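Chemist: Next comes the sequence, and after it the predicted model I'd like to discuss.
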Amino acid sequence: MEFDPGDGEIHPLIASGNSETAGAVSSNGRWIAYVSDQSGQSEIYVQSYPAGRKILISESGGKEPRWSPTDKELFFRRGRGLFSVDVPQGDEDRFGKPRLLFEGPFVEGFATVANYDVAPDGNRFVMVDGGLGLTAGRLDVHLNLARELELALSNSR
């Protein structure tokens, strides 16, 4: 939805008759990423703002779109995987192909909210680990997991 100060009304940005959810606007305001069931399954689409051509981003499903802070990548989830797509720079509108960054037993987000975040450098992620039922009743935040693993390995020798 978008507020128009000219007429004081709220207008839909995207209205197609399909279910469109989880909208995410790029930090430069040029793109809107969202989930649509237009194809019969949830897929990631991008549309230029204010109104432009709809571009299918995901292949074989997608949800939870998030922009990198630099707007050079768009991230989304499919199954156990987190995927990245290169975002065109300049006047282009040709997005890259989705590539798998990593997989894991991460807890899925809600219908319209991503359950992960991207660090300001665009290279690190905060994910909710759902493996082995360890998340019930507690939340562990590891700020330097590589160092923790290094220490654990050196102590086990």
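Modeler: Perfect, I can see it now.

Chemist: May I have the predicted confidence score for R138?
Modeler: As summarised for this prediction, R138 has a pLDDT of 64.

Chemist: Which parts of the protein are strands?
Modeler: With strands called from DSSP state E, the chain shows them at 2-4, 9-11, 20-25, 31-36, 43-48, 54-56, 63-67, 73-78, 81-86, 99-103, 116-118, 125-127.

Chemist: list the contacts for D129?
Modeler: Contact partners of D129, counting by CB atoms under 8 Å, 6 or more residues apart in numbering, are G104, P105, F106, V107, T135, D140. Bear in mind the C-beta positions are built from the backbone N, C-alpha and C, glycine included.

Chemist: Distance of the first one relative to A152?
Modeler: To A152, G104 is 19 Å away according to CB to CB, to the nearest Å.

Chemist: picking that back up, may I see the strands of the chain arranged in CSV, with mean neighbour count as well?
Modeler: What follows is the strands of the chain, written out as CSV (neighbours: other CB atoms under 10 Å):
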stretch, mean neighbour count
strand 2-4, 10
strand 9-11, 9
strand 20-25, 17
strand 31-36, 23
strand 43-48, 22
strand 54-56, 15
strand 63-67, 22
strand 73-78, 23
strand 81-86, 19
strand 99-103, 12
strand 116-118, 16
strand 125-127, 14
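
Chemist: what would those look like in CSV with distance to L145 and mean pLDDT?
Modeler: Formatted as CSV, the entries for the strands of the chain read as follows, by distance: least, CB to CB, whole Å; pLDDT from 0 to 100:
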stretch, distance to L145, mean pLDDT
strand 2-4, 40, 59
strand 9-11, 43, 69
strand 20-25, 26, 80
strand 31-36, 28, 90
strand 43-48, 28, 91
strand 54-56, 34, 90
strand 63-67, 20, 94
strand 73-78, 19, 95
strand 81-86, 16, 95
strand 99-103, 13, 94
strand 116-118, 15, 91
strand 125-127, 11, 88
